[in-house]
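*Asks:* what follows is a predicted structure for the sequence shown.
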Protein chains: 2
Amino acid sequence: MSGGGKKVTIRDVARRAGVSPTSVSLVLSGKAASLPEATRERVRRAAQELDYRADLLARSLVTRRTNIIGIVVPDLTNPFFAEAVRHIQPALAERGYDVILCNSEERAENDLRYIRLLAGRSVDGLLLAPSAEAFTEPYSRTLRKLLGELGIPYLFFDRYFEDEPWVAVDNEGSSLLAARYLMEQGHEKIGVITGPLSLNSSRNRLAGVRRAYAERGLCLRSEWVYEGKYDIATGSAGCAELLGRGVSAVFAFSDMQAYGVYAGARRAGRRISADLSVMGFDDSVFSSVLEVPLTTMRQPVRQIAEEACRVLLARVESGETLRPQNFAAQLVLGKSVAALPHEREREKSSQ
Amino acid sequence: MSGGGKKVTIRDVARRAGVSPTSVSLVLSGKAASLPEATRERVRRAAQELDYRADLLARSLVTRRTNIIGIVVPDLTNPFFAEAVRHIQPALAERGYDVILCNSEERAENDLRYIRLLAGRSVDGLLLAPSAEAFTEPYSRTLRKLLGELGIPYLFFDRYFEDEPWVAVDNEGSSLLAARYLMEQGHEKIGVITGPLSLNSSRNRLAGVRRAYAERGLCLRSEWVYEGKYDIATGSAGCAELLGRGVSAVFAFSDMQAYGVYAGARRAGRRISADLSVMGFDDSVFSSVLEVPLTTMRQPVRQIAEEACRVLLARVESGETLRPQNFAAQLVLGKSVAALPHEREREKSSQ
DNA sequence: TTGTACGCGTTATCAC
DNA sequence: GTGATAACGCGTACAA
């Protein structure tokens, strides 16, 4: 009936089935290879009838495994992380793991606090996308020291230290593609709104842009680079700044920032595409509903999420460190990037 | 050093401090009122030096409390829920609770599965926003039966059964305000894109619209009501349908749907505001970056989240059922609602 | 203040 | 080989 019926223990089942608790344990965990089928069946029936469910706490206390993975993300309201968590959670559930989710709100103190807290809960593994702040001193050192001491398998995703295990998109390659595309459309003055440069996701994306410039024998001017924060606000701010520096296109390192660029451009009386081309990064769902759909680099969030789970669980379950696969982002054409006039003419005349 | 140093038990501390494990337990949990300060200090120092941390599993096993709250949301990529979780998590953390988060992906089977799973983990409480499907038979009955049997304190938020404890925005009142506003702008043919009508959030919002009509002696025609799903896709679909029925405005019951309306209107060659007024519900961050900022009803997500935590924890910790406070949404003026011409004239002539 | 039993599965040991 | 018995993990509650 109701009221959380008294818990059924393994001994109740044993009594009912007329065997010892030990046998019940073995049968129910599938390790009773040696027991006669008759016994196993009796145990299973008894367990079924009593609606027995093992107390996970008790089990964990002895096995020292909780089947819980702790996740720390910097900002749940960023669609990229929401989407990532959305894929990670079922991927882990499928393999018998639950998720304790923590949102650091981009504060390194929270990263540390939550990691300690998760460790206190004896999670089996950690999936980390720390705050940008956590990649600066002294947090960075503290974080790595802490992880070393805890002895809990961990994996960074999206944001990472080069020398620690991680899974993320191929940042440099992806932004190289993006920048090349902009240049193919005739843009040679491309403003860049980066994320925090403490993140090598940002640094690597920036490197990709530089490479694209280099390929054409050009150089990215430093006044065309604006360091933002992967959010809408810095997108707007960056846009305002870059517009004054004569860029014909803006490459925002996240779609959130690109949305900010839209707002900033409007405020400045510039039309997206016609007056200012915009490239994003992520392909969040909202990009397609904008009046001028955003041209952006789609991150294969689901693959990244699933790969992260795979790699982390390999470490958790067998201690092996898989070399994670690399993921390329894919160019999604919206209408926010226009070909520059003279480029169109060049194309025409070369036909 | 590194490598997850061997765990320090309460007995280690006791040995070090030269007292009994029991005393250590008492001191560290602050219940050692009677012990001499000297002893307490010794214990604390010993604990500090050994870096003792109680094993939460062992503690939970005996106290039967885990200090974990399970949350089930239907769609993490919906900004409303992402935002809600973002506020809930720290509110609970502040009071010593962690969160296991589950995302049902709008599938009732997952709701049930996750609730069982959370119960298996002996969570102290459940915060539920079930899938729309879960409010239909046979899921609905199963869900309530399950909750009754588990005996775990629970609280519904945003989506709820009238006769169960819940916290949510004042749906009817809020949509009444929204509809009134539209009518004040001269709209008397208002298309409505609802969420699933199995949710009384949707039904109540619809009731609010009907009341607004009634206040003017009018009646909401049934062909102006389109039942959607709180997502972008049904927003577009609903828009397409409603446009053919001569509405001058569309009231979408979520901003996501409103975004879909923007896309649908564009596809149909209608301009937002000029050709079609749009009202949303939620005030998601993206609404302000749209080329035509969305006029929408802002849900006080943070208050709702914090109130939900407060009410649930009251049930968890002292078994009392607080009567939750009511939350009104607030009209946020964008530019997506235009005054109808004849209305403007009326205003002019009445001056 | 402290000894001791307890919570509940699991694992190692031991007898049939 | 088949199954029972006992100890264990670790913090807490209650009696002493």
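*Replies:* Yes, it's here.
*Asks:* and stretch A:27-41, does that touch chain B?
*Replies:* No. Against chain B, stretch A:27-41 shows no contacts by CB under 8 Å from any CB of the partner chain, the least distance being 13.8 Å. (Each C-beta comes from the backbone N, C-alpha and C, glycine too.)
*Asks:* what about that stretch, average pLDDT?
*Replies:* Across stretch A:27-41, pLDDT averages out at 76.
*Asks:* could you work out the end-to-end span of that stretch for me?
*Replies:* 9 Å (CA to CA, to the nearest Å).
*Asks:* for the stretch 101-250 of chain A, which residues score under the pLDDT cut-off?
*Replies:* Scanning the stretch 101-250 of chain A for pLDDT under 70 picks out nothing.
*Asks:* name the residues of it found near chain B, please.
*Replies:* Applying CB under 8 Å from any CB, we find that the stretch 101-250 of chain A lies next to chain B at A:101-103, A:105, A:117, A:120-122, A:148-152, A:232.
*Asks:* hmm, which of those are the buried ones?
*Replies:* Buried residues within these, counting neighbours by 16 or more other CB atoms under 10 Å in any protein chain shown: A:Leu101, A:Cys102, A:Asn103, A:Glu105, A:Leu117, A:Arg121, A:Ser122, A:Leu150, A:Ile152, A:Ile232.
*Asks:* can you list these in CSV and add distance to DNA strand C?
*Replies:* Listed next are those as CSV, based on distance: CB to the nearest atom of the strand, whole Å:
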residue, distance to DNA strand C
A:Leu101, 25
A:Cys102, 27
A:Asn103, 32
A:Glu105, 35
A:Leu117, 21
A:Arg121, 16
A:Ser122, 14
A:Leu150, 22
A:Ile152, 19
A:Ile232, 48
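*Asks:* now the two most distant members of the residues you listed.
*Replies:* Using CB to CB, those reach their maximum pairwise distance at A:Ser122 and A:Ile232, which is 38.0 Å.
*Asks:* which parts of stretch A:280-298 are buried?
*Replies:* The neighbour-count check on stretch A:280-298 (16+ other CB under 10 Å) flags A:280-287, A:289-298 as buried.
*Asks:* quick one: check stretch A:112-124 for contact with DNA strand D.
*Replies:* No. If you take CB under 7 Å from any atom of the strand as the test, stretch A:112-124 misses DNA strand D, and the best it gets is 9.7 Å.
*Asks:* how far is that stretch from where the chain is centred?
*Replies:* Centroid displacement of stretch A:112-124 relative to its chain, using CA atoms, centre = their mean, to the nearest Å, is 19 Å.
*Asks:* and the residue in the stretch 151-300 of chain A that DNA strand D sits nearest to, backbone torsions?
*Replies:* Nearest to DNA strand D in the stretch 151-300 of chain A, going by CB to the nearest atom of the strand, is A:Gly151, at a distance of 13.5 Å. Per-residue torsions, A:Gly151: phi 70, psi 20 (degrees, to the nearest 10).
*Asks:* give me the number of residues near the closest residue to A:Glu105 other than its chain neighbours?
*Replies:* Nearest non-adjacent residue to A:Glu105, counting by CB to CB, 6 or more residues apart in numbering or on different chains: A:Asp75, 6.8 Å away. Counted with other CB atoms under 10 Å in any protein chain shown, the neighbours of A:Asp75 add up to 21.
*Asks:* and what about A:Asp75, helix, strand or coil?
*Replies:* With DSSP: H, G, I helix; E, B strand; the rest coil as the basis, A:Asp75 sits in coil.
*Asks:* how close does it sit to A:Ser198?
*Replies:* Using CB to CB, to the nearest Å, A:Asp75 is found at 15 Å from A:Ser198.
*Asks:* same check, this time on A:Ser236
*Replies:* Relative to A:Ser198, A:Ser236 is positioned 21 Å away (CB to CB).
*Asks:* got a list of what A:Tyr181 touches?
*Replies:* Going by CB atoms under 8 Å, 6 or more residues apart in numbering or on different chains, A:Tyr181 touches A:Met279, A:Thr295, A:Leu331, A:Val337.
*Asks:* residue ranges of the helices in the stretch 1-150 of chain A, please?
*Replies:* Under the criterion DSSP state H, counting those that start in this stretch, helices of the stretch 1-150 of chain A are mapped to A:10-17, A:21-28, A:37-50, A:56-63, A:79-94, A:108-120, A:139-150.
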